[in-house]
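A.B. asks: with the sequence up front, the predicted model follows.
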Amino acid sequence: MDDVSRHVSRIVVNADGALEVTTTMTFEGGAPETLTQRFRTKEPLVDDRAYASEVSDLTATADGQPAQLTRSEDDEHVVATIAAPGANEIVLTYRVVGAATRTPDGQTLVKWDVLQGLSVGAREVEGEVLAPGQFTDFKCVAGAPGSQSACALAEGAPHDSINPRFVDGPRGAGEIVGPRITFPANMVASNEQIHEYWTVGRAFTGTGWPLATALAALLLGAAVLYALHRRAGRDAHPSGDPIEVARFDAVGPGEVEFRPGREVLPGEVGTVADERVDPIDITATILDLAVHGHLRITELPRRSEFAPTDWYLARLDSDISGLRAYEKDLLDVVAPADGSEILVSTIGPTVAGAIPEIQSDLYDEVVEQGFFDRRPDDTRNVWNMAALIVLILGVVATGVLAAFTRFGLTGLAIIAIGLGLAFVAQEMPARTAKGARLLAGLGQLRSQLLSQTTDQMPNGREYEELSEVLPYAIVLGGAERWLDAIVRSDDDDTPDSTDLNWYHGPDNWHLRDLPDSLRNFITTMNGNLFAR
């Protein structure tokens, strides 16, 4: 393939920094079938940046006639492919924007390689720069791409009347030759364009404005979350004395009775205390129904030493008129009115499937009694949905900001705010003034359950009185010490399988087995009722 015998360029520098370039390539033996020139449009800088140039208005003629020119691009090049086989002279013209960059001292440096990325070599390279006024510095570089070696000739000095020109050659395919000329900023304007490459470090810059913006977003988000919780998630001020749920009354010298008010039942106690219907609230309700004679829990003998314990539940009292909606529903599930006995081990999806409705009834009950203005689960759902929306917006914002800016940390800050809102959502159910009074009363009852002497129940009624305490103690704490009190009330070594009217055990069962039996029952019942 024949090289270009003479490569002559004329560069017109406009006042706005744009370049008009005309290059004439002469071939002694005719041009090749296709001639390709690759213009580099990215020049690397520090910090994953690059100067970006635009090459436009590409045209070509061959021996004075329009030539076929095909333009293509990749991330860092514009490629001109000219089809003019055998032509003696090819003239290529184009426009460049972005080659006029700002120098540290505020001047404008124009740099462009008129010879670059050519698919053939050039024996002689010449060029002339036509400027709009006086320049302050001029040189020419040549060699491999990126070279700073001087051209064979670069003539033109500040304040000369002649246009600066340069000469070099020969140069091989792909090598460069180009001027570097500096102008005062008021003579030639800078039109530099900075391209920032995407990197994780750039997208999530941890300094300067990106960091400050992310921190500001976090602080603002935290302030909004705090304000939301203060406004919507705080309990109303309790106006009045604590609501007494139950108390221990002295009935004689050294004797006390446990007197539950029955206005607030164990399941409601747990719901108001932690603003949700937990498995233990349902199980405590089952025990409360048993203690008050509506059903009996019977522990069955184990089939073998290593077999799991099982129980059956049977209804005792057919009168449920005094029960609340959730108690009736629960009783119908675990001890049907037809008298059939339900094995705990066989409580499957059908029975467990009724639990959400029972939980819903219990939420409705605490609202109906005025402890909450709105169901706690509905309140959490609303705020959880808001948190989900913020999280989605944060993910989208992170993607967009990280892809196009240095402010990816701000998107992460929005995600953090969404996570914070999801956490705050769990605390948003707010008790009414009545609910706050009840909560104070529950605190008093819990203190009594943990400190009240357990051996002062009326003689002969220990089992009955201590049993009434258990559902409340299971929800609020202290159940172990009241179970131990039942064990201590047993004053003989004979089996006690039917001594408790609400819990029967196998023939060889003793009251000292009650703590273990009840722990197993609660664990198994919770697991079976809330299985998915």
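C.D. replies: Received it, and whenever you're ready, just let me know what you need.
A.B. asks: how far does the helix or strand containing Phe258 sit from its chain's centre?
C.D. replies: Assessed by DSSP states H and E, Phe258 sits inside strand 255-260. Taking C-alpha atoms, centre = their mean, to the nearest Å, one finds the center of strand 255-260 at 52 Å from the center of the full chain.
A.B. asks: what's near enough to touch the residue lying closest to Gly172 once chain neighbours are set aside?
C.D. replies: Leaving aside its chain neighbours, Gly172 sits nearest to Gly121 (4.6 Å; criterion: C-beta to C-beta, 6 or more residues apart in numbering). Placement of C-beta: from N, CA and C, glycine included. By C-beta atoms under 8 Å, 6 or more residues apart in numbering, the contact set of Gly121 is 3-4, 170-173, 175.
A.B. asks: try 7 Å
C.D. replies: The contact partners of Gly121, by C-beta atoms under 7 Å, 6 or more residues apart in numbering, come to 3, 170-173.
A.B. asks: what about it, distance to Met25?
C.D. replies: Counting by C-beta to C-beta, to the nearest Å, the gap from Gly121 to Met25 is 11 Å.
A.B. asks: ditto for Leu218
C.D. replies: For Leu218 relative to Met25 (C-beta to C-beta), the value is 60 Å.
A.B. asks: equivalent analysis for Ile297, please.
C.D. replies: 101 Å.
A.B. asks: comparing the two, which residue is more hemmed in?
C.D. replies: Per other C-beta atoms under 10 Å, whichever of Ile297 and Met25 has more neighbours is Met25, with 28 against 25.
A.B. asks: and that one, what element?
C.D. replies: Take DSSP H and E as the rule and Met25 turns out to sit in strand 19-26.
A.B. asks: now that strand: mean pLDDT?
C.D. replies: Taken as a whole, strand 19-26 carries a mean pLDDT of 97.
A.B. asks: any buried residues in the helix or strand just after it, and which?
C.D. replies: Following strand 19-26 in sequence order, the next helix or strand is strand 34-40 (DSSP H and E). Within strand 34-40, the residues that count as buried by 16 or more other C-beta atoms under 10 Å are 35-40.
A.B. asks: just how off-centre is strand 34-40 within its chain?
C.D. replies: That offset, for strand 34-40, works out to 47 Å (C-alpha atoms, centre = their mean).
A.B. asks: so which helix or strand of the chain has the lowest pLDDT on average?
C.D. replies: helix 349-352 (a mean of 71; mean pLDDT, DSSP states H and E).
A.B. asks: what does that one contact?
C.D. replies: 333, 528-531.
A.B. asks: same deal with stretch 183-198?
C.D. replies: 13, 15-18, 42, 48-52, 97-98, 100-102, 106-108, 110, 131-136, 202, 403.
A.B. asks: how long is it end to end?
C.D. replies: 32 Å (C-alpha to C-alpha, to the nearest Å).
A.B. asks: show me which residues of it are buried.
C.D. replies: By neighbour count on 16+ other C-beta under 10 Å, the buried set for stretch 183-198 is 183, 187-192, 195-196.
A.B. asks: buried subset of the contacts of stretch 183-198, written for PyMOL?
C.D. replies: This is how PyMOL selects the buried members of these, with burial counted by 16+ other C-beta under 10 Å:
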select buried, resi 13+17+18+42+50+51+52+97+98+100+101+107+108+110+131+135+136+202
